[in-house]
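Trainee: My questions are about this predicted structure, shown below with the sequence.
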Amino acid sequence: MAVVLLTDRAWPDDRIEREIIETAGFRLVGGPPTPGSAGEIEALARTHSPEAIMTCWAPVSAAAIAAPRALKIVARMGVGLDNIDVAAASARGALVTNVPDYCVEEVSDHAVGLLLAWARGVTAFDRVVKAGIWDPASARLHRVRNLTVGIFGLGRIGACTARKLAAFDVRLLAHNRGPLPPTAVAVEAVAFDRLLADSDVIIIHAPLTDETRRRFDAAAFARMKPGACLINLSRGPIVDNAALSGALESGRLAGAALDVIEGEPSPPPDIVARPDVIMTPHIGFSSSASLAELRQRAAEEVVRVLRGEPPLHLCNMSGMAA
């Protein structure tokens with residue numbers, strides 16, 4: 001009986017995964033709910049020798065991929081692959097899959113929500129009122145339709161965010177490494193420097209790659225429009241924490257709204273404690289609907305591969321599963 005190792009999860013139980021995996025005739029072994037270290041995941045892989053690894057946040061290293069006798073698939077329960085050594089999986093002949101579109105609505109909703117919370121002072125004034133201060137004269141707020149919003153990474157989620165923001169009649173800019181995909185609303189393709197210089201708000205929706213890692217550094221912040229806001233819903237390491245802190249401290253940025261940050265789940269206190277920073281704990285993907293869809297689709301992908309069928313969302317070695 002093939003073993004499926006579930007390394008970790010961002011939900012209370014493994015009921016959905018277990019039902020799908022075990023109904024298909026395989027055995028599910030669950031690791032700890034919270035993500036273990038690379039060494040802990042490697043030990044689990046050595047102990048259980050799974051044919052499939054399902055992972056949420058835990059690091060799946062080259063050693064973890066090498067440990068099982070007959071590993072066939074590493075399934076990311078999410079979109080990004082930065083916690084998986086994809087090259088090691090490819091070298092071994094193991095497929096890597098993800099669920100690329102399960103949370104498009106949720107993350108784009110979260111982006112719009114963070115933008116509105118900053119522009120209209122919702123979070124900041126909630127804090128001061130609860131602290132016993134009633135001072136409407138101190139408000140320095142924005143008319144949303146007058147904003148220019150730049151989207152760094154116009155893929156599925158970025159395009160959905162653009163569509164929702166178009167209802168506010170904002171001006172929309174976007175920067176991709178390549179051409180922009182077709183969109184349902186008017187979005188102007190611009191160079192990175194233009195995105196920085198012209199945007200009142202920049203929303204990061206790009207994946208973490210060697211090219212995007214720390215793309216928002218001190219030099220980038222120095223080129224941003226004074227008084228702008230940075231929103232990050234992608235991966236924390238795309239933003240240099242020290243540079244962000246400096247840009248906020250100097251007043252170059254008027255604020256930041258972050259669902260992700262390098263160092264999570266122990267984010268830098270000097271950033272989190274700032275009154276001009278809105279912080280949520282990497283929940284942009286989450287809703288009851290999106291989590292149920294994610295868990296079901298990831299487990300079904302594993303079942304397909306263990307039965308010898310091609311996966312729906314192969315992320316490496318194109319053509320190998322055909």
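Mentor: Thanks, I have it. Numbering: from 1, shown residues only.
Trainee: per-residue confidence for Ser290?
Mentor: Ser290 carries a pLDDT score of 97 in this model.
Trainee: so what's it up against?
Mentor: Listed by C-beta atoms under 8 Å, 6 or more residues apart in numbering, the contact set of Ser290 reads 102-103, 105-106. No exception for glycine: its C-beta is placed from N, CA and C like everyone else's.
Trainee: So which of those are in helices?
Mentor: With helices taken from DSSP state H, the overlap with the contacts of Ser290 comprises 105-106.
Trainee: between the contacts of Ser290, which is nearest Pro281?
Mentor: The closest of the contacts of Ser290 to Pro281 turns out to be Glu106 (C-beta to C-beta; 14.3 Å).
Trainee: re earlier: selection in ChimeraX covering whichever of the contacts of Ser290 are buried, please.
Mentor: To isolate the buried ones among the contacts of Ser290 in ChimeraX, judged by 16 or more other C-beta atoms under 10 Å, type:
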select :102,103,106
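Trainee: how about the contacts of Ser290 in a markdown table, adding pLDDT and distance to Leu173?
Mentor: Shown next, in a markdown table, are the contacts of Ser290 (pLDDT from 0 to 100; distance: C-beta to C-beta, whole Å):
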| residue | pLDDT | distance to Leu173 |
| --- | --- | --- |
| Tyr102 | 95 | 27 |
| Cys103 | 96 | 24 |
| Glu105 | 97 | 22 |
| Glu106 | 98 | 23 |
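Trainee: Name the nearest of the contacts of Ser290 relative to Ala167.
Mentor: Of all the contacts of Ser290, the one with the least separation from Ala167 (C-beta to C-beta) is Glu105, at 14.5 Å.
Trainee: Could you verify my assumption that that closest one touches Cys160?
Mentor: Yes: when contacts are counted by C-beta atoms under 8 Å, Glu105 is listed as touching Cys160 (6.8 Å).
Trainee: Just the pLDDT at the spatially most central residue of the chain, thanks.
Mentor: Geometric centre of the chain, nearest residue: Ser234, 3.7 Å, by C-alpha atoms, centre = their mean. With respect to pLDDT, Ser234 scores 96.
Trainee: which other residues reach the host helix or strand of Ile202?
Mentor: In this assignment (DSSP states H and E), Ile202 forms part of strand 201-204. When contacts are defined by C-beta under 8 Å, 6+ apart, strand 201-204 is touched by residues 111, 115, 118-119, 147-153, 158, 161, 195-196, 216, 224, 228-234, 238-239.
Trainee: Can you give me the pLDDT of the nearest residue to Asp259 once chain neighbours are set aside?
Mentor: Of all residues not flanking Asp259 in the chain, Gly284 sits nearest, at 4.3 Å (C-beta to C-beta, 6 or more residues apart in numbering). Looking at Gly284, its pLDDT is 97.
Trainee: Surely Met54 forms part of a strand?
Mentor: Yes: under DSSP: H, G, I helix; E, B strand; the rest coil, Met54 sits within a strand.
Trainee: Burial check on it, number of neighbours?
Mentor: Counted with other C-beta atoms under 10 Å, residues neighbouring Met54 total 30.
Trainee: follow-up on the earlier one: state the next helix or strand along the chain beyond the strand holding Ile202.
Mentor: helix 218-223.
Trainee: Give me the buried positions along that next one.
Mentor: For helix 218-223, burial by neighbour count (16+ other C-beta under 10 Å) applies to 220-221.
Trainee: would you put the C-alpha positions of it in PDB?
Mentor: Output of helix 218-223 as PDB, limited to C-alpha atoms (Å, rounded to 0.1, in the frame of the first residue of the first chain):
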ATOM      1  CA  ALA A 218      16.500  50.500  -0.900                       C
ATOM      2  CA  ALA A 219      17.100  51.600  -4.500                       C
ATOM      3  CA  ALA A 220      13.500  50.700  -5.500                       C
ATOM      4  CA  PHE A 221      12.000  52.500  -2.500                       C
ATOM      5  CA  ALA A 222      14.100  55.600  -3.400                       C
ATOM      6  CA  ARG A 223      12.400  55.600  -6.800                       C
END
